[in-house]
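Colleague: need coordinates for the following:
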Amino acid sequence: MDFEIGSGFVHSLHTWGANSRHDYAMVIIESCARIVLGMPKNSINEFRESAKATAKQRIRVDDGALAFRTHLTKKGVGLRLMFWRLAGGTIEFANIGAKGDLEIL
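Modeller: Residues are numbered from 1 along each chain as shown. Coordinates of the predicted model:
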């Protein structure tokens, strides 16, 4: 599977300390690699327009890419990896965020 790094991805890594926390860095690398290989470590869920379970999946307006998220950590802050799946199947890693974050870049 092809993949890209979105424009906000590296900044979000720095925001959450993945550049200085070995544990965060390794789980992010592993999670990204496993998604590209089609063997995700944790379940992949639709990234929705709101926190409601019935909300529609977020779709990027300019290219129709579909938004997804997956757990990186389950304790503490509860980090999530957000990514887009483009129409051709390419994965674009968008950003890292906390459990309740409703932003995908």
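Colleague: next, the residue most central in space within the chain: secondary structure please.
Modeller: Central residue of the chain (CA atoms, centre = their mean): Met82, 1.7 Å from the mean position. Secondary structure state of Met82, per DSSP: H, G, I helix; E, B strand; the rest coil, is strand.
Colleague: partners of it in the sheet?
Modeller: Met82 forms beta bridges with Arg69, Asn95, as assigned by DSSP bridges.
Colleague: would you agree it is in contact with Phe47?
Modeller: Yes - here Met82 lies in contact with Phe47, judged by CB atoms under 8 Å, at a distance of 6.0 Å. Heads up, the C-betas are built off the backbone N, CA and C, glycines and all.
Colleague: need the overlap of contacts for the two.
Modeller: Here Met82 and Phe47 have 67-69, 104 as joint contacts, going by CB atoms under 8 Å, 6 or more residues apart in numbering.
Colleague: from Ser50, how far off is the nearest residue to Ala51 once chain neighbours are set aside?
Modeller: The spatial neighbour of Ala51 that comes closest, neighbours along the chain excluded (CB to CB, 6 or more residues apart in numbering), is Leu102 at 7.0 Å. The spacing between Leu102 and Ser50, counted by CB to CB, to the nearest Å, is 7 Å.
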